[in-house]
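1. Quick one, structure for this:
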Amino acid sequence: MTIKTIIGENGPQSEICNGGACPAAIIAVNGDVFVQGYDLEPEEQAALAKPTGESFVRIPLTTLKKIAAQVIES
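-> Sure, this is the predicted structure:
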């Protein structure tokens, strides 16, 4: 995977978690988007069912809205 853009809460950043600006959306050259977020607490994991090979991360809604708007613009 080759990273094209990393977008944090306050805009593009040069590296993942640059200065604690996480969660983030990482956009690859092939167009795939990877989302970095916080690990789930055990009770959160227990409440969510997921298919094999998938994971969940936790992202505050306000942060997700900011990142999503920037992903759409890119």
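2. distance of the closest residue to Ala28 other than its chain neighbours from Glu43?
-> With sequence-adjacent residues excluded and distances taken as Cβ to Cβ, 6 or more residues apart in numbering, Ala28 is closest to Met1, at 5.0 Å. All C-beta atoms are positioned from the backbone trio N, CA, C, and that covers glycine. The spacing between Met1 and Glu43, counted by Cβ to Cβ, to the nearest Å, is 32 Å.
3. what about the residue nearest to Ala28, how many residues close to it?
-> Applying other Cβ atoms under 10 Å, we find 9 residues neighbouring Met1.
4. Equivalent analysis for the one 10 residues further on, please.
-> Applying other Cβ under 10 Å, we find 11 residues neighbouring Gly11.
5. and if you look at Gly53?
-> 5.
6. And it, its phi and psi?
-> Phi and psi for Gly53, reported as degrees, to the nearest 10, are phi 90, psi 0.
7. residue ranges for the strands of this structure, please.
-> In the chain, the strands defined using DSSP state E lie at 3-8, 11-12, 24-28, 33-36.
8. can you give me how far the second one is from the chain middle?
-> Taking the mean of its C-alpha atoms, strand 11-12 sits 13 Å from the chain's own mean (Cα atoms, centre = their mean, to the nearest Å).
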